[in-house]
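> one predicted model, sequence on top.
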Amino acid sequence: MLNQSKNLEFNSKGYLVNFDAWNGDFAIEMAKEHGLALKDRHWLVINFLRDYQSEYGIAPDHREVIKKLNKQINPTTPCTKKHLEDLFGEGGCKLACKLAGLPNCHCKGA
């Protein structure tokens, strides 16, 4: 488990408490725990989420991610919430925010 090996603190919903404690290895290890191998499109979303959180102090909702990364996530057809959810498997939008080290997310049902 990540929190045992790295002394990381998570909130009651499983999000990293200290945004600055995040690094790429954290995302890779957490992704592995969820059976996910991170590819370029995953990193595109993760980096966008981190940049947005840094700039605005809140997590973007999935519509903002889709609006900004539409063609990069799915270059052949318009990106939808389903494409974003499929990219991150069962954890969907919530998992993307957790992998990015955000303290929360604005995904439906978060």
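That came through fine.
> what packs against the helix or strand harbouring H83?
Per DSSP states H and E, H83 falls inside helix 81-87. Under the contact definition 3 or more C-beta pairs under 8 Å, 6 or more residues apart in numbering; DSSP states H and E, helix 81-87 sits against helix 40-56, helix 62-73, helix 92-99. Using the backbone N, CA and C atoms, a C-beta is placed for each residue, glycine as well.
> using JSON lines, please lay out those helices together with distance to N18 and mean pLDDT.
Shown next, in JSON lines, are the helices and strands packed on helix 81-87 (distance: least, C-beta to C-beta, whole Å; pLDDT from 0 to 100):
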{"stretch": "helix 40-56", "distance to N18": "12", "mean pLDDT": "95"}
{"stretch": "helix 62-73", "distance to N18": "23", "mean pLDDT": "85"}
{"stretch": "helix 92-99", "distance to N18": "14", "mean pLDDT": "91"}
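> looking at those helices, which is buried most?
Of all these, helix 92-99 has the most neighbours on average by mean count of other C-beta atoms under 10 Å, namely a mean of 25.
> from the centre of the chain, point out the most distant residue.
Largest separation from the mean C-alpha position in the chain: T76, at 22.6 Å (C-alpha atoms, centre = their mean).
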